[in-house]
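Enquirer: got a predicted structure here, sequence first:
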Amino acid sequence: MNEAKASAGGRLLTFAAWTVLVLGLWLWGKEITGVPPGPPAAQGGGRPGTSLPAARPPLSGAMPARVHVPALGVRAPVIARGLDAQGAIEPPPYELPGTVGWWGAGPAPGAAGAALLVGHVDTKSKPAVFYGLSSLKPGQKIRVVRADGTVAEFTVEDVRVYERAGFDPHRAYGPRVEGRAELRLVTCGGTYDKAAGQYSANVVVSAYLTGAGAESGAAAAT
């Protein structure tokens, strides 16, 4: 009986944490933009016939330092972010549009669970670090250089656009496979509502750990 209550309490806390997190993502997705929208993201999973590599066992926890997305030409510093006074996740500062934020209360990239990296899609005048995120394809690589000198290499599994209506934060940001090391790259997407001053959706790239190495090794070379 006590175990059942503890399990139920754990699920409630997990749901509450995701609810706070997604609220924060919607709140910071209020960007005034004159930049045309990026390419639309795929609504489903991987492309038919796409052969994806096997998952690698998780690494020990280590803070992320930089993220590389070769297909987009992105090589960006990563900073830890928490929650602000309103309970919303703090995005990277607008004056640092080339910086990515890591939700520091969640798993580290490479460790078991779904690590979350967030970045702006644009500023008032130009594209930001995750502007091209929706153009990523299954099978492409994302590399996270960690503070301990290791490089966690992830393979993109799919790219989805999640509208506000009927949004399920655990489905979007929660781990898909128990015990697997996963990664989510998140930015604003959908249509931009000038009157409301915000986007209608989030673009979410889902990836999972498929390789690891030292920063000076092949995994960090590209």
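Expert: Looks like it arrived, so ask away.
Enquirer: quick one: the strands in the chain, in order.
Expert: Along the chain, counting by DSSP state E, strands occupy 64-69, 74-81, 100-103, 113-118, 141-146, 150-163, 181-193, 198-214.
Enquirer: pull out the buried positions in the longest one.
Expert: The reference is to strand 198-214. By neighbour count on 16 or more other CB atoms under 10 Å, the buried set for strand 198-214 is 198-210, 212-213. The C-beta positions use only the backbone N, C-alpha and C, and glycine is treated the same way.
Enquirer: now do it, average pLDDT.
Expert: Across strand 198-214, the average pLDDT comes to 90.
Enquirer: on that earlier part again, the strands of the chain: lowest mean pLDDT?
Expert: Of all these, strand 181-193 has the smallest average pLDDT, which comes to a mean of 87.
Enquirer: show me what counts as buried in it.
Expert: Applying 16+ other CB under 10 Å to strand 181-193 flags A181, E182, L183, R184, L185, V186, T187, C188, G189, G190, Y192 as buried.
Enquirer: can I get it as CSV, trimmed to CA atoms?
Expert: What follows is strand 181-193 as a C-alpha-only set of coordinates in CSV (Å, rounded to 0.1, in the frame of the first residue of the first chain):
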residue,chain,number,x,y,z
ALA,A,181,20.0,8.3,-23.0
GLU,A,182,17.9,10.7,-25.1
LEU,A,183,18.1,14.4,-26.2
ARG,A,184,15.5,17.0,-27.1
LEU,A,185,16.3,20.1,-29.0
VAL,A,186,13.4,22.6,-28.6
THR,A,187,12.6,25.9,-30.2
CYS,A,188,9.5,27.9,-31.2
GLY,A,189,7.6,26.9,-34.3
GLY,A,190,4.2,27.0,-36.0
THR,A,191,2.8,30.4,-36.9
TYR,A,192,3.7,33.7,-35.3
ASP,A,193,0.7,35.6,-33.9
